[in-house]
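Engineer: Need the 3D shape of this:
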Amino acid sequence: MSALVSGVGTDAAIYDDPQDADIPTLLDSRYDADKAQGLKRLIALMAQGQDVSTFFPQVVKGVASQSLEVKKLVYIYLVHYADKRPDEALLSINSFQRDLSDINPLVRAWALRAMSGIKVRAVGPLVIMAANKCARDPSPYVRRCAANAVSKIHSMGDEQHFDELLVSILLNDNYPGVAGAAAQAFISVCPERYSLLSSSFRKLCGLLYEADEWGQISLMDILMRYIVAKYGVVRDFSSVNVEFSCLQQAHEENGGDFYKADTRSSFPDERWEVRLMLSSTLSLLRSQNSAVVLQAAVIHWYFSPGNELSNIVKPLLFLLRSSLDARHVVLANILSFSKCEPSLFEAYFEDFFICSSDSQAIQALKLDILTNIVSDLSATQILQELEAYIRNPNSQLAADAVNSIGRCALRLSSTVAICTKGLLKLVVSRSSHSGREQYSPGRGRVVVQAVSSLRAIMQKHPAEQDQVILHLLRNLNHILEPTAREVVIWMIGEQAIARPALAEGIPVALRYLAKTFANESNGTKLQVLNCLAKIISSSQRCSSLKTVLLILQYILDLAACDLNYDVRDRAWILRVLLAGHLDAIKHHSSYDADPPANSMFLRQKSVPVLPSLSLQPSTFLPGSMSHMVQHKSPGYRPLPRERYTDLSPSSPTLPERQPELQSQSESTDSGSESFESEDDGNYTDDDLAVISDADGNTAKEKADLISLSDTELLKRDASPEDLSPSVDLESWLGPEEPSNSPEDFDKSSNSEVKKVLALDFTNGDGLEVHYGFMRGPSIFSSSMVCVRLFLHNKSSEPMHGIEINDGETAGYAAVLFSWLTAFESGTARIIPPEAVALEPGEKTELNAHVDFRHNLSIVKVCLHCNSNKFPIKISPEPGVLLRPRKMSISVFLAAEARIAGMHRSSRR
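Structural biologist: So this is what the prediction gives:
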């Protein structure tokens, strides 16, 4: 044991004096043990903050070593200093690429990790190719490293579509560790591409329990957002409601259970994904990782029905036994939950009693939670606990406890009497001192909270509060805290005039305030002036007008000479506003019953809200950093606010099948039900039925609108000419004249084009070429197809003379002339675009017209660039050889019904 502590037999001694040995000699040694020793000393110097980049050339040579220990140390060094020595770091790329084919999966993973960690722009394309290769590696550890590399590739700003392709491949992996890393890559690369999750949703839910803890958090996050984007949520905080939430609507219509099948819908199992996610995350509520438990609780909070929401309570309460930091985060989230659903935690109020080890922030959170979950059954015990906190030496905790008592009284009307009595007793006991020398800031803080709570209770429950005002009037000379005195004086001016039983004590209180006016604080002076203005404005209800008038004149004269300009200005304003009242009172004459002063001082006041001890319950996503700091932190992503209709790769709304066809295919459909139900996350028509269109109609309603029988269709729209075989043959590219209208061609070219890689930039000297079919008519001939070419110069040098031809004729004019002469003979194959030039990083799009001669054979063309030739192959899709033909739904259904075997199959 002593040997381990002293570092004998380990490498710990290297950190004591890394420069003890000759490092260059060790790095140049023929023996791997010496190289490893030198590299360890370099890394020790790096850990101490020293710059050892001068050894970069010697370290790069060690990348070809066969020792795993040396390789790993070299990779660590290269990743650390590749930014400072980018040119020399490129020397090791060949070794990295060679290691990607090593038989040892650790070496392959280390090589990819090192390549992706080198933040050199020139290495980006090679890293993409390496990640693409490792994403299909037989070792799950290598595939996981490929998933981690995707985020690094995306941060370098390389091709977005290629990153998404890798993410889609990795999301379909069967290994739990790869799925967790792929989820994190999805969040980094394409967090809004929920269509990538549709085919692998069931598989990801199955792998959720076996993934690593941080992978579980990422998986739950993307699965939750996918469900929100498709269905909405059952419950949410007020400011982040997801619009058009079908789950929320079903939750309300079905009496709090959105699982119930809608009797008006023919798709009772349309929400299977929500149930699958809830059942997959239920076991994670018992995880040892606090973050996993919190994320699982958030999912159940958003989607669980009311009778199952209690599953999150005990796991969250168990987290309160964790560290202080974890407790703080969990309590902040429980505070938000208890604000919306206080009944969840009402039976567990004792778990939120304050412990001696709790920090001030945790104490405030617990008091807020107790205030939210207080009920008639627990009110007595909670109030007794709060009373014990008042006697605590910590004045801040005592003041917070008084604040909580006041909020409990505002929440439960049954506790108003006992809370008022206790608060009033507290004010009297804490204020009963004979001199100002005994004033304590901590004691004054408690009195301020008590008086403020009494004010809020009195405004919300004004009945039978005469004794409160009376006790405060009697103890006004003992209340020394300026803020507390301001509140009491405000209460005198606001409430005492309306209570005839207390009218006799007003002149006594005003005489006392006139005597102490010069020694009061500025805020108290302002409240005294406001109190007198309220009494004068309602002087018809006061029996001692002469006394009040004399006191007002005396105080106005004192205020006019006050040192504070706010007090002087307030006195001048009141003298002007109350001039009519003063004259009317002096001469015993009538006056306007509603002058400006009345509307200013006698207006109805709203009931004040006692402030929360901690921050207000956050409306940000629970479990996020923004939820804790109360503002949008960097990287925060709110839940999707609108419904997505492209969650499935193919989600068209299909018409309903005809009754005759249904009867013919009944046996086939019943036999294929089990196969469809076992599909990994693919959406069925049932799933798509809940997604509404822009007009609010669901797919089910649309199908009803276009459901007609075959007989009616044949009678209404179909004709023998429409259904003749010649019409079917006209679908192929035939003799019909092409549309030469530029507007029609531009309209067709604006549609989305599926891109196919024709030339990779690694083989094209930096030029990358994709092609796609425009599905529009060619302007040259009806037998030709328009092919859109996408060119991108990824090199650092300009490219000139970029043109495409059939490989035999060069030049756009020569090719066009050759095609015109060969048109009659039918030998022309391609009309190329004009030659273009591309600057570094520039992109362009060109249109070529190709004649595939009505077959699916590949057309070989040649691309010329900077006097170089690159062969390109264009492979047609079956759909591009067909010309679209417009027809009505009725004609389409009639033609579909005539096709034998369309909806049936037979076994041989």
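
Engineer: Residue 504: neighbour count?
Structural biologist: 10 (other CB atoms under 10 Å). C-betas here are computed from N, CA, C, even on glycine.

Engineer: same check, this time on residue 871
Structural biologist: Residue 871, neighbours per other CB under 10 Å, totals 12.

Engineer: Using the three-state scheme, assign it.
Structural biologist: Assigned by DSSP: H, G, I helix; E, B strand; the rest coil, the conformation of residue 871 is strand.

Engineer: Quick one: residues contacting it.
Structural biologist: Contacts for residue 871 (CB atoms under 8 Å, 6 or more residues apart in numbering) come out as 807, 860-863.

Engineer: and if we set it to 7 Å?
Structural biologist: 860, 862 (CB atoms under 7 Å, 6 or more residues apart in numbering).

Engineer: and residue 787, that one's in a strand?
Structural biologist: Yes: Residue 787 sits within a strand when classified using three-state DSSP.

Engineer: distance of the closest residue to it other than its chain neighbours from residue 862?
Structural biologist: The shortest distance from residue 787 to any non-neighbouring residue, by CB to CB, 6 or more residues apart in numbering, is to residue 848 (4.8 Å). The gap separating residue 848 from residue 862 is 12 Å, by CB to CB, to the nearest Å.

Engineer: Please identify which of the two sits among more neighbours.
Structural biologist: residue 848 (21 against 17).

Engineer: Secondary structure element for the more buried one, which one?
Structural biologist: Element membership for residue 848, per DSSP states H and E: strand 843-850.

Engineer: Flag every buried residue along whatever helix or strand comes next after that strand.
Structural biologist: Next helix or strand after strand 843-850 toward the C-terminus (DSSP H and E): strand 859-865. Going by neighbour count (16 or more other CB atoms under 10 Å), the buried part of strand 859-865 is 859, 861-865.

Engineer: Show me where the stretch 651-800 of the chain dips below the pLDDT cut-off.
Structural biologist: Scanning the stretch 651-800 of the chain for pLDDT under 70 picks out 651-752.

Engineer: quick one on the thing from earlier: mind putting the buried residues of strand 859-865 into a markdown table with pLDDT?
Structural biologist: Below are the buried residues of strand 859-865 laid out as a markdown table (pLDDT from 0 to 100):
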| residue | pLDDT |
| --- | --- |
| 859 | 83 |
| 861 | 84 |
| 862 | 86 |
| 863 | 86 |
| 864 | 85 |
| 865 | 87 |
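
Engineer: from those, which is closest to residue 566?
Structural biologist: residue 865 (79.3 Å; CB to CB).

Engineer: Skipping adjacent residues, who's closest to that closest one in space?
Structural biologist: For residue 865, the spatially nearest residue (CB to CB, 6+ apart) is residue 802, at 4.9 Å.

Engineer: Just to check, the residue nearest to residue 787 is in contact with residue 803?
Structural biologist: No: the pair residue 848 / residue 803 is not scored as a contact, 10.3 Å apart, by CB atoms under 7 Å.

Engineer: any shared contact partners between the two?
Structural biologist: What both residue 848 and residue 803 touch, as defined by CB under 7 Å, 6+ apart, is the set residue 832.

Engineer: mean confidence for the strand holding residue 848?
Structural biologist: For strand 843-850, the mean per-residue pLDDT is 86.

Engineer: neighbouring strands for that strand, and are they parallel or not?
Structural biologist: strand 785-793 (antiparallel), strand 830-831 (antiparallel) (DSSP bridges).

Engineer: separation between the closest residue to residue 134 other than its chain neighbours and residue 276?
Structural biologist: Nearest residue to residue 134 in three dimensions, chain neighbours excluded: residue 146, at 3.9 Å (CB to CB, 6+ apart). Distance, residue 146 to residue 276, by CB to CB: 27 Å.

Engineer: repeat for residue 566
Structural biologist: With CB to CB as the criterion, residue 566 and residue 276 are 65 Å apart.

Engineer: Looking at these two, which is more packed in?
Structural biologist: Each of residue 566 and residue 276 has its neighbours counted (other CB under 10 Å); residue 276 has more, 18 against 13.

Engineer: Over to the more buried one. Which of the three states is it?
Structural biologist: helix.

Engineer: That one reaches residue 205, doesn't it?
Structural biologist: Yes: here residue 276 lies in contact with residue 205, judged by CB under 7 Å, at a distance of 5.1 Å.

Engineer: Kindly report the domain assignment for the protein.
Structural biologist: What the record gives for the chain is the domain set 12-84, 95-191, 194-235+271-308, 503-602, 756-894, from the TED database.
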